[in-house]
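A.B. asks: Pasting the sequence and the predicted coordinates here, then a few questions.
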Amino acid sequence: MSDDLETLLSDLHAELEATAELPIAPRANTWLGEAEAVAADLTAGDVDEDVVARRIAHVGRLLDNVGETENDDADAHVAAARSLVERVEKRADT
């Protein structure tokens, strides 16, 4: 996997977007929908690193609130998204 920021953000958005197609718990859907929207904004163009850092932290907080999705495929996408958030945060720290 690439650590290129653009690729990481695109992959994050794709993981979150994939949950929209799945039957999941309504509460989880709300948090995932907002996280996906923030991730989509990050893929829309040139965003400075401070904005990326703030928004990626926000995505992480949203994912922390997801709770039970009631769907194994969605859980896998959420886990992948969390991993990508961590990778973006580590990249920002370097």
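C.D. replies: Received, thanks.

A.B. asks: Tell me which residues are up against stretch 33-51.
C.D. replies: Contacts with stretch 33-51, where a contact means C-beta atoms under 8 Å, 6 or more residues apart in numbering, come from 6, 9-10, 12-13, 16-17, 19-20, 52, 55-56, 58-59, 62-63, 66, 81, 92. No exception for glycine: its C-beta is placed from N, CA and C like everyone else's.

A.B. asks: Mean confidence (pLDDT) on stretch 73-87, please.
C.D. replies: Stretch 73-87 comes out with an average pLDDT of 97.

A.B. asks: Strands of the chain, start to end?
C.D. replies: With DSSP state E as the criterion, the chain has no strands.

A.B. asks: Gly67 contacts Pro26, correct?
C.D. replies: No. Gly67 is beyond contact range of Pro26, at 11.0 Å (criterion: C-beta atoms under 8 Å).

A.B. asks: what's around Ala39, how many residues?
C.D. replies: 26 (other C-beta atoms under 10 Å).

A.B. asks: distance of it from His58?
C.D. replies: 10 Å (C-beta to C-beta, to the nearest Å).

A.B. asks: can you check Pro26 too?
C.D. replies: 21 Å.

A.B. asks: These two: which is more packed in?
C.D. replies: His58 (15 against 7).

A.B. asks: Mind pulling the model confidence for the residue nearest to that one when sequence neighbours are not counted?
C.D. replies: Closest residue in space to His58, ignoring its immediate chain neighbours: Val38 at 5.7 Å, by C-beta to C-beta, 6 or more residues apart in numbering. Per-residue pLDDT puts Val38 at 97.

A.B. asks: so of the contacts of stretch 33-51, which ones are in helices?
C.D. replies: Counting by DSSP state H, the part of the contacts of stretch 33-51 found in helices is 6, 9-10, 12-13, 16-17, 19, 52, 55-56, 58-59, 62-63, 81, 92.

A.B. asks: Got a quick ChimeraX command for the buried subset of those?
C.D. replies: For the buried members of the ones in helices among the contacts of stretch 33-51, the matching ChimeraX selection, counting by 16 or more other C-beta atoms under 10 Å, is:
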select :9,10,12,13,16,17,19,52,55,56,59,62,63,81
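
A.B. asks: Is it correct that Gly60 is in contact with Arg82?
C.D. replies: Yes. Counting by C-beta under 8 Å, Gly60 does reach Arg82; the two are 7.4 Å apart.
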